[in-house]
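Peer 1: Provided below for reference: sequence and predicted model.
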Amino acid sequence: MSLSVKGVTKRFGTVTAVEGVTLDVRDNEFFALLGPSGCGKTTLLRLMAGFEAPDEGSVWVSGQDVTRVPPRHRPLNLMFQSYALFPHMSVEKNIAYGLEMERLPSSEIRARVGAAMESAQLSALAGRRPDQLSGGQRQRVALARALVKRPKVLLLDEPLSALDRKLREEMQLELKRLQHEVGITFLIVTHDQEEALVMADRVAVLNAGRLAQMGTPQALYEHPESRFVAQFIGVMNMLEGQAVAGGVEVPGIGLLRGEGARRGEAVIAVRPERVVLAAAPPDGMNAVPVTVADIAYHGADLTVFARTASGARMGCRVAAGQDELPDISPGARVFCAWEPRHSRILDRET
């Protein structure tokens, strides 16, 4: 494994920022720490980098216990959210700075800086200063400066948060390309679910300092293990009821079938894109009678928002040009229906 944390806990006074987290990041993996603000993901990153010391547990890099090793002696590099470029230095000098501090031979510095600039597509900008660069170019300079030191692991703290949406989408693909090209482990901290799903090979979801779930983006999206993960990653319809054999008994609706055995109070969850609208309950499918409340048009598709008789909200995402839809004008009475295999049964309170 490139990087491991084992039973790590960090407290600040009476506040426990990280509690008992254990996870492994594999060699050459793009790994994401995902969670809402205040969940402990940046604290966990700083524990990995050595800027904080754990109260309990240990940090390992490539099989070596580095828990008490200072940051500068750990075989990893942290790229800060602000990029922290030197404004008076050129792109080339910014990238070379860390190697110069290590007093490497000038020929080696030139060769490594040249390769880093070429990989990050910065060769034509070598003589420019940071104030002459776009946001995306500055980010690539910061990346090249981190990569030129050839760390075993590169830690990135919200590296795309300062960019506009279009540039963020471009840089997500750029980061993924760079990671594959240089062949080292990337660990990124983000609160953006879409960003984590697009970029990462695996994702660890944190909630209130604890590890809520870890897995591939597809596993987290399709098979959330808790109500928190289901609601945090993407959009999820949820109906509350009582778990019974084969599904959940929802008051006023009846039995809705799904996967995930539970006892007692539970919710049955389904993604809006798995839901279809029908004028009558389709055979073999879960079906919930609803009244259309509103429609949101997204261009390629649209989301139909509806309410059950008890007031629970449901959403259905359909292609904008889809034929054979029932009446979906506000006030229309239709059925939200889906295959039982797309349902997830989850504990009500988690």
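Peer 2: Done, it's in.

Peer 1: so residue 183 touches residue 27, yeah?
Peer 2: No - using Cβ atoms under 8 Å, residue 183 is not in contact with residue 27, being 9.1 Å away. C-beta coordinates here come from the backbone N, C-alpha and C atoms, glycine included.

Peer 1: name the residue in those two with the higher neighbour count.
Peer 2: residue 27 (13 against 8; other Cβ atoms under 10 Å).

Peer 1: for that one, what are phi and psi?
Peer 2: The phi and psi values for residue 27, taken as degrees, to the nearest 10, are phi -60, psi 140.

Peer 1: nearest residue to it in space, please, no chain neighbours.
Peer 2: Spatially, and ignoring its direct neighbours in sequence, residue 27 is nearest to residue 2 (4.9 Å; Cβ to Cβ, 6 or more residues apart in numbering).

Peer 1: now do that neighbour against residue 200, distance only.
Peer 2: Counting by Cβ to Cβ, to the nearest Å, the separation of residue 2 from residue 200 is 14 Å.

Peer 1: and residue 170, how many neighbours?
Peer 2: Neighbouring residues of residue 170 were enumerated by other Cβ under 10 Å; the total is 13.

Peer 1: coming back round to it: so the residue nearest to residue 27 is in contact with residue 185, correct?
Peer 2: Yes - between residue 2 and residue 185 a contact is recorded at 4.0 Å, counting by Cβ under 8 Å.

Peer 1: shared neighbours, those two?
Peer 2: Counting by Cβ atoms under 8 Å, 6 or more residues apart in numbering, the shared contacts of residue 2 and residue 185 are 25-29, 152-153.

Peer 1: can you list those residues in a markdown table and add secondary structure and distance to residue 132?
Peer 2: Compiled in a markdown table, these are given as follows (DSSP: H, G, I helix; E, B strand; the rest coil; distance: Cβ to Cβ, whole Å):
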| residue | secondary structure | distance to residue 132 |
| --- | --- | --- |
| 25 | strand | 36 |
| 26 | coil | 39 |
| 27 | coil | 37 |
| 28 | coil | 34 |
| 29 | coil | 35 |
| 152 | coil | 33 |
| 153 | strand | 31 |
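
Peer 1: list buried residues within these.
Peer 2: Buried subset of those (neighbour count, 16 or more other Cβ atoms under 10 Å): 25, 29, 152-153.

Peer 1: widest-spaced pair of the residues you listed?
Peer 2: The widest separation within those, taken as Cβ to Cβ, falls between 29 and 152 and amounts to 11.8 Å.

Peer 1: which neighbours do those two have in common?
Peer 2: Where contact means Cβ under 8 Å, 6+ apart, the residues bridging residue 29 and residue 152 through contact with each are 2, 185.

Peer 1: among the shared contacts of residue 2 and residue 185, show me the least confident.
Peer 2: Taken together, these show their lowest pLDDT at residue 152, with 83.

Peer 1: on that earlier part again, got a list of what the residue nearest to residue 27 touches?
Peer 2: Contacts for residue 2 were tallied using Cβ under 8 Å, 6+ apart; they are 25-29, 61-62, 152-153, 185.

Peer 1: next: residue 316.
Peer 2: 272, 275-277, 303-304, 306, 336.

Peer 1: redo that, cut-off 7 Å
Peer 2: Residues near residue 316 by Cβ atoms under 7 Å, 6 or more residues apart in numbering: 272, 275-277, 304, 336.

Peer 1: most neighbours out of those residues, which is it?
Peer 2: Counting neighbours by other Cβ under 10 Å, residue 275 comes out on top of the contacts of residue 316 with 26 neighbours.

Peer 1: just checking, it touches residue 338?
Peer 2: Yes - using Cβ atoms under 7 Å as the test, residue 275 is close enough to residue 338 to be in contact (4.9 Å).

Peer 1: quick one: low-confidence parts of this structure?
Peer 2: Scanning the chain for pLDDT under 70 picks out the ranges 1, 81-82, 162-163, 320-324, 350.

Peer 1: show me what counts as buried in the lengthiest helix in it.
Peer 2: When every helix of the chain is counted residue by residue (DSSP state H), the longest turns out to be helix 165-182. Under the neighbour-count criterion of 16+ other Cβ under 10 Å, helix 165-182 has 167-168, 171-172, 174-176, 178-179, 182 buried.
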